[in-house]
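1. Everything below, folded, please.
(chains A, B and C)
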Amino acid sequence: MQLEYSVKTERRTHFVIIDHLLQKAIDESGIENGVIHVFVPHTTAAVTINENADPNVVRDINTEMEKIVPFHDHYTHMEGNSAAHIKSSLFGVSETILVKNGRPMFGTWQSLYFCEFDGPRSRRVWFSVQKED
Amino acid sequence: MQLEYSVKTERRTHFVIIDHLLQKAIDESGIENGVIHVFVPHTTAAVTINENADPNVVRDINTEMEKIVPFHDHYTHMEGNSAAHIKSSLFGVSETILVKNGRPMFGTWQSLYFCEFDGPRSRRVWFSVQKED
Amino acid sequence: MQLEYSVKTERRTHFVIIDHLLQKAIDESGIENGVIHVFVPHTTAAVTINENADPNVVRDINTEMEKIVPFHDHYTHMEGNSAAHIKSSLFGVSETILVKNGRPMFGTWQSLYFCEFDGPRSRRVWFSVQKED
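-> Below is the predicted model:
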């Protein structure tokens, strides 16, 4: 069963916690134990798992990534968003999370983030589960 | 069922679209719905999913990555291809793609790329499917 | 079946080969063919697959990553380990490996590494298998 949800981003670079969509996909699929795959069907966005306690962590990630992959840097792609494409490949559009007793298995500080690199936009995120053998 | 195909790269850094191999693996495995895993068994190559419409996107990715991880930078590894190893880990050697009705589920502009970072070479790519429960 | 093992890291940045834990998870789960998922439940660590023959490769990866994402760079996160969080997202906390005849399918030079970016610490790594249909 494949599930699709919408994510609304509000800035050019915006990391949005989507733990509630992850839980919704687990609930709607009825999986108790196994794995859930997340997939972002966009080329200027990504998914990542990182700290949810201090919002400064995500701020530092984005400030530093802007230094590493500047938004303007003599790119040839006419749309002007090449930096967003590069970040998409560096962070990656797929992630696999273990599921136990109907809950995602995360470490204490982990959350699932939708990573917007060329917003604000209305985006989509897909999930697919594999039940335990 | 695990499937292996060959990929020929033609430059030191070369992103090759392998959507046809992905479709071939789906067809040969007989999967209709579920997920397909891609794996690159090399340490100086990777896989990524990114835009297939404007070839300038891939050109920009490679030009910028050469600035971020220069090919020559006083590396200690005697083979001289440490930059390729670093890029391999940053882009990653595995990716998971959803499958629906015997077709990979991609966003409008997405394609699967084999990423060569130390070519030209003859390379391999592996696929494995998990059917939906 | 989900399996958890401990990993001890000995430096602030430390790549530790965990092929033996991967094999242990395969053995304990009883999987012969399919895939095994690795997941790191930490936000300042990661997993990657890279070369195991020359230890200089890993040294070069870490030296270069320190240049790309400096440990000190005016970060706002008070714990001072923002660089480790950034590297965690760039390398990623999950990886999927094919399994054939009870062995991980790796290329000739590949090994699985636990990536410590804010050690030394006692860490955990999780595995989950999906048998072939």
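
2. Report whether the longest strand along chain A contacts chain C.
-> Identified as the longest strand of chain A according to DSSP state E is strand A:122-131. Yes: against chain C, strand A:122-131 shows contacts by Cβ under 8 Å from any Cβ of the partner chain at residue A:130. Every residue, glycine included, has its C-beta placed from N, CA and C.

3. cool, and stretch A:25-44?
-> Yes: using Cβ under 8 Å from any Cβ, stretch A:25-44 comes into contact with chain C via A:33, A:34, A:35.

4. Counting neighbours, which bits of that stretch end up buried?
-> Judged by neighbour count (16 or more other Cβ atoms under 10 Å in any protein chain shown), stretch A:25-44 contains these buried residues: A:25-26, A:29, A:31, A:33-44.

5. show me where chain A has helices.
-> Using DSSP state H, the helices assigned to chain A run over residues A:19-29, A:55-68, A:82-91.

6. So what touches the last one?
-> Okay, so that is helix A:82-91. Helix A:82-91 has contacts (Cβ atoms under 8 Å, 6 or more residues apart in numbering or on different chains) with A:42-48, A:65, A:69-73, A:75-77, A:115, A:117-118, B:48-51, B:56-57, B:60-61, B:64-65, B:90-91, C:89-90.

7. Can you select the buried ones among those for me in PyMOL?
-> Filtering the contacts of helix A:82-91 down to the buried ones (16+ other Cβ under 10 Å) takes a single PyMOL command:
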select buried, (chain A and resi 42+43+44+45+46+47+48+65+69+71+75+77+115+117+118) or (chain B and resi 48+49+50+51+56+57+60+61+64+65+90+91) or (chain C and resi 89+90)
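
8. Name whatever forms a beta bridge with the closest residue to residue A:96 other than its chain neighbours.
-> Taking Cβ to Cβ, 6 or more residues apart in numbering or on different chains, and ignoring the residues beside it in sequence, residue A:96 has residue C:94 as its nearest neighbour in space, at 4.7 Å. Bridge pairing for residue C:94 (DSSP bridges) gives the partners residue C:39.

9. For chain C, what is the nearest residue in chain A?
-> Nearest residue of chain A to chain C (Cβ to the nearest Cβ) works out as residue A:107 at 3.0 Å.

10. re earlier: partners of the longest strand of chain A, with directions?
-> For strand A:122-131, the paired strands and their directions (DSSP bridges) are strand A:2-8 (antiparallel), strand A:34-39 (antiparallel).

11. Turn the ones you listed into JSON lines, including mean pLDDT.
-> Below are the strands paired with strand A:122-131 laid out as JSON lines (pLDDT from 0 to 100):
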{"stretch": "strand A:2-8", "mean pLDDT": "97"}
{"stretch": "strand A:34-39", "mean pLDDT": "98"}
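
12. what would those strands look like in a markdown table with distance to residue A:130?
-> Below are those laid out as a markdown table (distance: least, Cβ to Cβ, whole Å):
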| stretch | distance to residue A:130 |
| --- | --- |
| strand A:2-8 | 12 |
| strand A:34-39 | 5 |
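
13. nearest to residue C:18, of those?
-> Closest approach to residue C:18 among the strands paired with strand A:122-131 is made by strand A:34-39 (19.1 Å; Cβ to Cβ).

14. Pairing-wise in the sheet, spell out the partners of the residue nearest the centre of chain A.
-> Taking Cα atoms, centre = their mean, the centroid of chain A lies closest to residue A:47, which sits 2.1 Å from it. Counting by DSSP bridges, residue A:47 forms beta bridges with residue A:114.

15. can you pull the contacts of it?
-> So residue A:47 contacts A:38-40, A:91-95, A:112-115, A:125 (Cβ under 8 Å, 6+ apart).

16. Name the residues of the longest strand of chain A that are buried.
-> Neighbour-count burial for strand A:122-131 flags A:123, A:125, A:126, A:127, A:128, A:129, A:130 (criterion: 16+ other Cβ under 10 Å).

17. Next, the angle from it to helix A:19-29.
-> Strand A:122-131 runs at 50 degrees relative to helix A:19-29, counting by axes from the mean of the first three to the mean of the last three Cα atoms, to 10 degrees.

18. quick one on the thing from earlier: how many neighbouring residues does the residue nearest to residue A:96 have?
-> By other Cβ atoms under 10 Å in any protein chain shown, the residues close to residue C:94 number 24.

19. Kindly report the same for the one 5 residues further on.
-> Using other Cβ under 10 Å, residue C:99 has 24 neighbouring residues.

20. Give me the mean pLDDT for stretch A:68-87.
-> For stretch A:68-87, mean pLDDT rounds to 94.

21. how far does that stretch stretch from start to finish?
-> When the termini of stretch A:68-87 are compared using Cα to Cα, to the nearest Å, they are 10 Å apart.

22. and that stretch, how far from the chain's centre?
-> Centre-to-centre, stretch A:68-87 and its host chain are 20 Å apart (Cα atoms, centre = their mean, to the nearest Å).

23. For residue B:99, which of the strands paired with strand A:122-131 is the nearest?
-> Of all those, it is strand A:2-8 that lies closest to residue B:99, at 8.9 Å by Cβ to Cβ.

24. Check which residues of that closest one are buried.
-> For strand A:2-8, the neighbour count (16+ other Cβ under 10 Å) marks A:2, A:3, A:5, A:7 as buried.

25. Not counting residues beside it along the chain, what's closest to whichever residue of chain A sits closest to chain B?
-> Residue of chain A nearest chain B, by Cβ to the nearest Cβ: residue A:41 (3.0 Å). Excluding the flanking residues, the one nearest residue A:41 by Cβ to Cβ, 6+ apart is residue B:107, at 3.0 Å.
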